[in-house]
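Chemist: Following is a predicted model, sequence given first.
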Amino acid sequence: MIIETVVSTVNKDNEPHFAAVGVEFIQQKAVFNLYKKSHTFSNLKNKDSGIINVVDKAEYLLKAALGSAKIEFSKIEKRNLYYLTDCCSYYQFKLINIEEQAEKYLVKVEITKAEENRKYIGFNRANNLLVEAAVIASRIGITKTKNDLVQFINQNRKVINKTGDKNTQELLKFLERNI
């Protein structure tokens, strides 16, 4: 089963980068796909480690997918790695293997340490739709267009507003401002 997460890596300037990435956990390992031109892939080539953040708020996936710098994070000093301060749990990883595929790379990592900050609550219907919007947003310019995202929002706006709360409605406005 693939879980939508936020993967954090470090760029050449030792600055954190956050990306929405679907991850499959397999015992003490994890597998995920990265587009060849992604910042996350470039960062893993330079530093073969990172963090998988498990979240229960669509906000983090949207902000990571749109490249928003307004994500609160904390640093693991000894490893020079960053995790989302409000994530449910996070998994430090070390790169095992990268396998080239068509337009992506299949990335295999070993989980070296796991930490739980709080219990995972899950997503309601509105947040599930915002997570899907984050997936579409993360693929704009690769396999999706801005029009695909606008169309998705228009088709699902009523459900998002009906089943979400004030924060969900603010996220929808944030998404519309940033596409």
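Modeler: Happy to help now that I have it.

Chemist: got the contact list for the residue nearest the centre of the chain?
Modeler: Nearest to the mean C-alpha position of the chain, by CA atoms, centre = their mean, lies Ala20 at 1.8 Å. Contacts here follow CB atoms under 8 Å, 6 or more residues apart in numbering; on that basis Ala20 touches Glu4, Thr5, Val6, Leu61, Leu62, Ala64, Ala65, Ala134, Val135, Ser138. All C-beta spots, glycine's among them, are computed from the backbone N, C-alpha and C.

Chemist: which pair in these spans the largest distance?
Modeler: Based on CB to CB, the longest span within the contacts of Ala20 runs between Thr5 and Leu62 and measures 13.4 Å.

Chemist: Looking at these two, which is more packed in?
Modeler: Higher neighbour count among Thr5 and Leu62: Thr5, with 27 against 24, using other CB atoms under 10 Å.

Chemist: re the thing from before, just among the contacts of Ala20, which is most surrounded?
Modeler: Neighbour max across the contacts of Ala20 (other CB under 10 Å) = Leu61, 29 neighbours.

Chemist: For that one, give its distance to Asn178.
Modeler: 13 Å (CB to CB, to the nearest Å).

Chemist: go on, Thr5?
Modeler: 20 Å.

Chemist: How about Ser89?
Modeler: Distance from Ser89 to Asn178, by CB to CB: 27 Å.

Chemist: So for the two, which sits in the more crowded spot?
Modeler: Legend: neighbour count by other CB under 10 Å for Ser89 and Asn178, higher for Ser89 (17 against 13).

Chemist: State the number of residues packed around the nearest residue to the more buried one once chain neighbours are set aside.
Modeler: With CB to CB, 6 or more residues apart in numbering as the criterion, Ser89 has its nearest non-adjacent residue at 4.4 Å, and that residue is Glu116. For Glu116, the neighbour count with other CB under 10 Å is 11.

Chemist: shouldn't Glu116 be in contact with Tyr91?
Modeler: No: in this structure Glu116 lies outside contact range of Tyr91 using CB atoms under 8 Å: 10.1 Å.

Chemist: shaky segments in this structure?
Modeler: In the predicted model, the chain carries pLDDT under 70 at residues 68-69.

Chemist: residue ranges of the strands in it, please?
Modeler: 2-10, 16-26, 29-35, 49-54, 73-76, 81-84, 89-100, 104-116 (DSSP state E).

Chemist: which secondary structure elements does the last one contact?
Modeler: For strand 104-116, the helices and strands in contact under the criterion 3 or more CB pairs under 8 Å, 6 or more residues apart in numbering; DSSP states H and E are strand 29-35, helix 39-46, strand 49-54, strand 89-100.
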